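1. Make a model of this:
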Amino acid sequence: QTEISFYRYFDANSVVNLETYKSSIGKSLEVYSLFDKALIKTLYCDVYGYSEQDFIELLSFRDPSYGDTHVLSALQILKENGCYDILKLDKLKETIANEMARNNDGSSSDLNSEKIVVLYWTGYGNLVEEDWVYSITQSQSEDGGWGDYVKSESHRTGLSLLALVYFLEQNEKQEFYPIT
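-> Modelled structure (predicted):
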């Protein structure tokens with residue numbers, strides 16, 4: 001039942017009741033990671049509040065690999081939900097986006113595709129370099145998706161497709177595509 005908490009990632013109008021929210025952030029680490037719990041707080045910040053401690057906890061997940069992509073997208077959600085100081089969020093988002101771009105090796109990896117997508121989602125598509133996208137086109141699996149060059153996996157394929165579409169559209173900021 002608590003998986004519905006994450007549905008708000010795709011539908012801003014989706015709101016779980018307080019009991020489900022508390023259950024989600026109170027779940028054991030076998031069910032949700034610490035970051036998952038921090039993300040749920042971010043997704044519902046406009047409904048159930050967001051404290052300075054929540055913000056500090058979110059920033060504790062920063063690291064040059066996946067952590068920064070997740071933190072940057074969470075900061076965008078905080079901004080869009082009006083849950084934190086906009087100027088502070090914008091400055092921090094810019095810092096993280098520039099660090100992500102500076103540290104991206106453009107390899108044909110899940111992380112490369114994720115960085116591209118998150119940079120576009122957060123309004124920093126101008127930082128994406130053509131060679132990062134080229135590496136995606138060169139790493140397509142035999143079955144047409146992306147994975148280990150032979151067999152695709154859905155997460156990497158979805159990110160790779162979004163990265164390619166966003167790059168071709170050439171908008172600095174992209175929205176989540178709605179689920180219909």
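2. mind listing the helices in this structure by residue range?
-> 18-25, 34-43, 45-48, 52-59, 66-80, 86-103, 110-121, 130-137, 154-169 (DSSP state H).
3. what angle do the fifth one and helix 86-103 make?
-> This means helix 66-80. Counting by axes from the mean of the first three to the mean of the last three CA atoms, to 10 degrees, helix 66-80 points 150 degrees away from the direction of helix 86-103.
4. Tell me which residues of helix 66-80 come out buried.
-> Residues 68-79 are the ones in helix 66-80 that count as buried (16 or more other CB atoms under 10 Å). (Each C-beta comes from the backbone N, C-alpha and C, glycine too.)
5. now the residues you listed as TSV including pLDDT and distance to D54?
-> Below are those laid out as TSV (pLDDT from 0 to 100; distance: CB to CB, whole Å):
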residue	pLDDT	distance to D54
D68	93	18
T69	92	19
H70	91	15
V71	95	13
L72	95	16
S73	92	16
A74	93	10
L75	95	12
Q76	93	16
I77	91	12
L78	94	9
K79	93	15
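6. From the residues you listed, pick the one nearest L43.
-> Closest to L43 out of the buried residues of helix 66-80 is I77 (6.2 Å), distances taken as CB to CB.
7. What is the neighbour count of the nearest residue to that closest one once chain neighbours are set aside?
-> Leaving aside its sequence neighbours, I77 sits nearest to T42 (CB to CB, 6 or more residues apart in numbering; 5.1 Å). By the measure other CB atoms under 10 Å, the count of residues near T42 is 26.
8. where's T42 relative to V71, distance?
-> Distance, T42 to V71, by CB to CB, to the nearest Å: 10 Å.
9. swap in D85?
-> The value you get for D85 to V71, if CB to CB is used, is 16 Å.
10. One more: E169?
-> The value you get for E169 to V71, if CB to CB is used, is 25 Å.
11. residue contacts, the spatially closest residue to T122 that is not a sequence neighbour?
-> Among residues not flanking T122 along the chain, Q76 sits closest, at 4.6 Å (CB to CB, 6+ apart). Shown in contact with Q76 (CB atoms under 8 Å, 6 or more residues apart in numbering): 93, 121-123.
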